[in-house]
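1. What would the 3D arrangement of this be:
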Amino acid sequence: MKVAVLGAGGWGSTLAVLLHFNEHEVTLWEFDESYAVKLNKERVNELYLPGIKIPDEIIVTHDLSEAVHQKDVVVLAVPSQFLRSTIKNIIPSEISNSILVSVAKGIENKTLLTMSQMLKEVIPSLDEGQISVLSGPSHAEEVVRKIPTAVVAASQNLGTSKTIQTVFMTSYFRVYSSTDILGVELGGSLKNVIAIGAGIIDGAKFGDNTKAAIMTRGIAEISRLGTAMGARADTFAGLSGMGDLIVTCMSRHSRNRYVGEKIGSGMKLGEVLASMQMVAEGVETTKSASGLAAKCKVETPIINEVHNILFEDKDPVKATNDLMTRDMKVELFSR
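-> Below you'll find the model as predicted:
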């Protein structure tokens, strides 16, 4: 197939390489024109994926129209808070026959829309069979080294899910299909908030017991909020829910866990973000998650405390104590 990958960060570059080796014709779009020129010349993404060669056959461009023109599949690897502005610059007729695959893991702040919902709002002519997502426990640093990985492709249209499954499936990148696009998106987005909380635990020098608690109760919150919004509960027990939560809370590659760790050790959010080259989606998603919980009237104490720590300068130890001393509960996944 002819495939465009929009966004030449670590994940976009990794997927471009994977798709090339799956024998697709790949075009990689980079927002920054000077960096696109550099990528074309040097064929190594030193900022986001150092040491990995971008095959010469992959076309690198700054021209968005050129990138998406007459493509069978357009992979959206732009950070969630910037994806709307990118999509607005695409002429709808250029993607009228394309399947769009969002791989961004975030929720818009102002609208509280997932990426698939945002796509439909910006381009109403898109039908449900053109919109899909790919998500799961998949750090670029490992996928690009062909470390065995499993993810899930989702669309309201099962045929579209299966098409994307075929496009991306390799011997080291196993893809499952799903029709619960909302659940897959919410799992991939909301787990980043919990991962910041897990990092705070690391930075504050708590322990494995504490991290196990926040991960387990965190997925309960994600499921509670997701099902209130119409997603399926079983999705959150799968790759895009519990699977992605585990890797993001535990891995040294996780940018969201890193943000939390630095804050837990005493740094301020602004200092941490200023020191990072890559985007930690969970920071902005924390705002959206808090807004969604309020809108849906769903109890999300861990998400709320992560929000308080990030944006209200609450002491992480005090936030942890407040979580531990809440009213007694019966342990049910939905409570």
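2. Flag every buried residue along the helix or strand containing Thr248.
-> Using DSSP states H and E, Thr248 falls within helix 244-250. By neighbour count on 16 or more other CB atoms under 10 Å, the buried set for helix 244-250 is 244-250. All C-beta atoms are positioned from the backbone trio N, CA, C, and that covers glycine.
3. Need the contact partners of that helix.
-> Residues from elsewhere that reach helix 244-250 (CB atoms under 8 Å, 6 or more residues apart in numbering): 135-139, 187-188, 191-192, 194-195, 198-199, 211, 214-215, 218-219, 222, 254, 256-257.
4. again, 6 Å this time
-> The contact list for helix 244-250, computed with CB atoms under 6 Å, 6 or more residues apart in numbering, reads 136-137, 188, 191, 195, 198, 215, 219, 254, 256.
5. and the residues you listed, which two are the farthest apart?
-> With distances taken as CB to CB, the most widely separated pair in the contacts of helix 244-250 is Gly136 and Ala198, at 17.9 Å.
6. Compare these two and say which is more crowded by neighbours.
-> Neighbours per residue, other CB atoms under 10 Å: of Gly136 and Ala198, the larger number sits with Ala198, 30 against 24.
7. what's the closest non-adjacent residue to the more buried one?
-> Using CB to CB, 6 or more residues apart in numbering and skipping residues adjacent in sequence, the residue nearest Ala198 is Cys249, 3.7 Å away.
8. which element follows the helix holding Thr248 toward the C-terminus?
-> The helix or strand immediately downstream of helix 244-250 is helix 255-264, counting by DSSP H and E.
9. what's the distance between the helix or strand just after that following helix and the middle of its chain?
-> Counting by DSSP H and E, the element after helix 255-264 in chain order, helix or strand, is helix 269-274. The chain centroid and the centroid of helix 269-274 are separated by 20 Å, computed with CA atoms, centre = their mean, to the nearest Å.
10. Pull out the buried residues from the helix or strand following helix 269-274.
-> Using DSSP H and E, the helix or strand that follows helix 269-274 in sequence is helix 281-296. Residues of helix 281-296 classed as buried by neighbour count (16+ other CB under 10 Å): 281-293.
11. hang on, the earlier thing: quick one: the residue nearest to Ala198 from Gly260, how far?
-> Distance, Cys249 to Gly260, by CB to CB, to the nearest Å: 9 Å.
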